[in-house]
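Novice: Provided below for reference: sequence and predicted model.
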2 protein chains.
Amino acid sequence: MEKRRDIYQAIADPTRREIISLIARQSMNLNAIADNFEASRPAISQHIKVLTECGLVIIRQQGRERYCELKIDKLKEVTSWVEECNKYWNAAIDSMEDYLQQLQTKNKKHGKQQ
Amino acid sequence: MEKRRDIYQAIADPTRREIISLIARQSMNLNAIADNFEASRPAISQHIKVLTECGLVIIRQQGRERYCELKIDKLKEVTSWVEECNKYWNAAIDSMEDYLQQLQTKNKKHGKQQ
DNA sequence: TATATTTGTAAGCAAATACTTACATAATGG
DNA sequence: CCATTATGTAAGTATTTGCTTACAAATATA
């Protein structure tokens, strides 16, 4: 079995994103979270399981209650990935501009104009 | 039918994330993209379809080739969501600190110490 | 014009997902 | 100790996903 969870898959589900947004504001126990949704408690429990499995949430047991706490840093891995894509994209734009610049200069030398 | 695509679902798949990372560097036509993966060309074509359906990629037709261009701004919507969560989280931390501060002050008044 | 190239898409299928109901377990409170 | 509360988890199911092969269509090229 040994399922590999990852953050991207975790935040793909809208309900899980709502859960994340909810416990960002305040740690909550499972029933309190479930109260905010139409889905059944077990459904929410399973969502929480996914979130813990990929390290987005940790559980603090307090008596019979289990408080769900968001690990915000884990969420920032997504931002990092986006930032990396953005870096590649900017570099591509820059080199394209250089290229057009060179093209223009060369054309001027040859007396060509657009 | 009318499938609703969204970016979160789009980036959930590792192959699609690789495609995004690839065309961030440079626009590529479909076959060129497919060459970078083990999966079949139709499989990649279907991934591209998902990416266009949620606005992450646009197609520039050039003769019989179709160049896939990344719409980097769309990707930033994800960052925005993460940032919003982060804002909530920071606000929660701040108010928790205020609370502990108040508690400490009160305890000092009553002569209590830990 | 005949052929090769680039692509979309349908059909079929195995696996994963998200949900439900039903039951089990453990802590709390009288 | 018994009832309540908070939760996990199993079983079952409908839907979605990601892939394949096969075929179609449109453009380019010899």
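Specialist: Right, received. Where do you want to start? Numbers count the residues shown, from 1 in each chain, chains lettered A, B, ... in the order given.

Novice: And the longest helix along chain A, what does it pack against?
Specialist: In terms of residue count, the longest helix belonging to chain A (DSSP state H) is helix A:72-109. Judged by 3 or more CB pairs under 8 Å, 6 or more residues apart in numbering or on different chains; DSSP states H and E, helix A:72-109 is in contact with helix A:7-10, helix B:14-25, helix B:72-109. Every C-beta, even on glycine, is put in place using the N, C-alpha and C of the backbone.

Novice: And the residue nearest the centre of chain A?
Specialist: A:V78 (3.8 Å; CA atoms, centre = their mean).

Novice: residues in contact with that residue?
Specialist: Going by CB atoms under 8 Å, 6 or more residues apart in numbering or on different chains, A:V78 touches A:7-8, A:11, B:78-79, B:82.

Novice: circling back to that earlier point, what is the distance between the longest helix of chain A and the centre of its chain?
Specialist: Distance, stretch centre to chain centre, for helix A:72-109: 22 Å (CA atoms, centre = their mean, to the nearest Å).

Novice: Near DNA strand C, which residues of chain A? Just list them.
Specialist: Within chain A, the positions lying close to DNA strand C (CB under 7 Å from any atom of the strand) are A:3, A:9, A:12-13, A:15, A:38-40, A:42-43, A:46-47, A:50, A:63-64.

Novice: Ranking by neighbours, what's the top pick from these?
Specialist: A:H47 (23 neighbours; other CB atoms under 10 Å in any protein chain shown).

Novice: Pull up the gap between that one and DNA strand D, please.
Specialist: 10 Å (CB to the nearest atom of the strand, to the nearest Å).

Novice: pretty sure that residue contacts A:D13?
Specialist: Yes: if you go by CB atoms under 8 Å, A:H47 and A:D13 touch, sitting 7.1 Å apart.

Novice: shared neighbours, the two?
Specialist: With CB under 8 Å, 6+ apart, A:H47 and A:D13 have no common neighbours.

Novice: before we move on, back to that, which one of the helices and strands packed on helix A:72-109 is the most hemmed in?
Specialist: helix A:7-10 (a mean of 21; mean count of other CB atoms under 10 Å in any protein chain shown).

Novice: Point out the other helices and strands that that one packs with.
Specialist: Secondary-structure packing of helix A:7-10 (3+ CB pairs under 8 Å, 6+ apart): helix A:41-53, helix A:72-109.

Novice: hey, least reliable of these by pLDDT?
Specialist: The weakest mean pLDDT among the helices and strands packed on helix A:7-10 belongs to helix A:72-109, with a mean of 89.

Novice: Report the angle between that one and helix B:14-25.
Specialist: 30 degrees (axes from the mean of the first three to the mean of the last three CA atoms, to 10 degrees).

Novice: Next, the angle helix A:41-53 makes with helix A:72-109.
Specialist: On the basis of the same axes, to 10 degrees, helix A:72-109 is oriented at 60 degrees to helix A:41-53.

Novice: residues touching A:Y99, list them.
Specialist: With contacts defined as CB under 8 Å, 6+ apart, A:Y99 has no neighbours.

Novice: just checking, next helix/strand downstream of the helix or strand where A:Q61 lies?
Specialist: Taking DSSP states H and E as the definition, one finds A:Q61 inside strand A:57-62. Using DSSP H and E, the next helix or strand after strand A:57-62 towards the C-terminus is strand A:65-70.
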